[in-house]
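Engineer: With the sequence up front, the predicted model follows.
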Amino acid sequence: EVQLAESGGGLVQPGGSLRLSCAASGFSFSNYVMSWVRQAPGKGLEWVSGISTHGGTTGTADSIKGRFTISRDNAKNTLYLQMNNLKPEDTAVYYCVKYMGSSWMDPLHSWGQGTHITVSS
């Protein structure tokens, strides 16, 4: 059974930093593209960032470019999102998401339960 467990969310002031982690289990982590997706209050889902199977290629949404960095540690079966210079508009539930396969063309497939981030003074 695929399990994705996010951690690291919380309340942070504007300009602050947080690091999200996603512990993966139940599948061969290094064989799958992984991503972070968020949902702000009252809004739809937004793809934030993705990373290839061995971390050589990443993609980021324009809204977070230059502030967030995605990474992975395949030896630890863990996905990360380093978030710097956080803004109130980054307030959202952040989900760790597994793609269906090893290609960027594969659809999103499995979701974690999400972790809440609130950016407020």
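Structural biologist: Noted; the coordinates are in hand.

Engineer: How many residues are close by the residue nearest to S120 when sequence neighbours are not counted?
Structural biologist: For S120, ignoring the flanking residues on the chain, the nearest one in space by CB to CB, 6 or more residues apart in numbering is P88 at 6.3 Å. Every C-beta, even on glycine, is put in place using the N, C-alpha and C of the backbone. Neighbourhood size, P88 [other CB atoms under 10 Å]: 11.

Engineer: now the end-to-end length of stretch 42-60.
Structural biologist: The first and final residues of stretch 42-60 sit 22 Å from each other (CA to CA, to the nearest Å).

Engineer: again, but for stretch 56-67
Structural biologist: With CA to CA, one end of stretch 56-67 sits 19 Å from the other.

Engineer: ok, and for it, which residues are buried?
Structural biologist: 60, 64 (16 or more other CB atoms under 10 Å).

Engineer: surely the residue nearest to S120 meets P14?
Structural biologist: Yes: counting by CB atoms under 8 Å, P88 does reach P14; the two are 6.1 Å apart.

Engineer: Return every residue with contacts to both of those two.
Structural biologist: 119-120 (CB atoms under 8 Å, 6 or more residues apart in numbering).

Engineer: what's the closest non-adjacent residue to L108?
Structural biologist: V97 (5.0 Å).

Engineer: right, and the one you found touches Q113 too?
Structural biologist: No: contact criterion CB under 8 Å: V97 and Q113 do not qualify, at 11.6 Å.

Engineer: Flag every buried residue along stretch 78-90.
Structural biologist: 78-81, 83, 86, 90.

Engineer: element containing L79, please.
Structural biologist: Element membership of L79, judged by DSSP states H and E, is strand 78-83.

Engineer: now L4
Structural biologist: strand 3-7.

Engineer: The helix or strand just after that strand: partners in the sheet, and parallel or antiparallel?
Structural biologist: Scanning forward in sequence from strand 3-7 by DSSP H and E, the next helix or strand is strand 10-12. Paired strands of strand 10-12, with direction, are strand 115-119 (parallel) (DSSP bridges).
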